[in-house]
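*Asks:* Structure for the following, please:
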Amino acid sequence: VDDKVEDVPLVTLMDIMTYPQVAGKYKCIVRVVAALPWTIEDFRSPDGTYRIRLTLEDPTGRIHAYLYAEDGEVFFEGNPPMDALIRKWNTLLGVAEVDSGGVIENAPRNPPWVLCCIKSYYADKNDVWGSRKYRIFDTKLVC
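*Replies:* Predicted structure coming up:
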């Protein structure tokens, strides 16, 4: 995570979901267990903007957090070539690979625990709690 978020508290997903205010910034140790879209080629829109919904979990809960636009650029360190992006993504999801880069079929997944920054916000000011969303920010995938 970026050095500028030192004052952001380290919490659990349950702490984030039950925080008494809609908007906030947090650090959390989570695993990425799913993504939408699930195909890496679709992570960016036709204009090159990252747009991914990740399913994050820890022992206390599970949330959907978005990885969008400039936060995606930070996360993936720009726009890496597709083979590098596939390698990073497989590592994040705990997908077993052989040395040549291929995926081992039917191998169990073991996603690693990662530290990330999550912010909560609302999409509709007329329904702040009902439109609450989560987004990953100031986090870089290093692998």
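
*Asks:* Which strands or helices does the longest helix seen in the chain pack on?
*Replies:* In the chain, assigned by DSSP state H, the helix with the most residues is helix 82-93. Packing partners of helix 82-93 (3 or more Cβ pairs under 8 Å, 6 or more residues apart in numbering; DSSP states H and E): strand 24-36. (C-beta placed from N, C-alpha, C; glycine too.)

*Asks:* Determine the set of other helices and strands touching the strand it packs on.
*Replies:* Applying 3+ Cβ pairs under 8 Å, 6+ apart, one finds that strand 24-36 contacts strand 10-11, helix 13-17, strand 51-58, helix 82-93, strand 114-122.

*Asks:* what's it in contact with?
*Replies:* For strand 24-36, the external contacting residues (Cβ atoms under 8 Å, 6 or more residues apart in numbering) are 1, 5, 8-13, 15-16, 19, 52-58, 62, 92-94, 111-120, 137.

*Asks:* can you pull the pLDDT of residue 82?
*Replies:* Looking at residue 82, its pLDDT stands at 89.

*Asks:* same thing with residue 102?
*Replies:* Residue 102 is assigned a predicted lDDT (pLDDT) of 64.

*Asks:* same deal with the one 3 residues further on?
*Replies:* On the pLDDT scale, residue 105 is placed at 66.

*Asks:* And the one 10 residues further on, by the same measure?
*Replies:* At residue 115, the pLDDT value in this model is 94.

*Asks:* The one 10 residues further on too?
*Replies:* Note for residue 125: predicted pLDDT of 93.

*Asks:* Tell me how many other residues crowd it.
*Replies:* Neighbour count of residue 125, defined by other Cβ atoms under 10 Å: 8.
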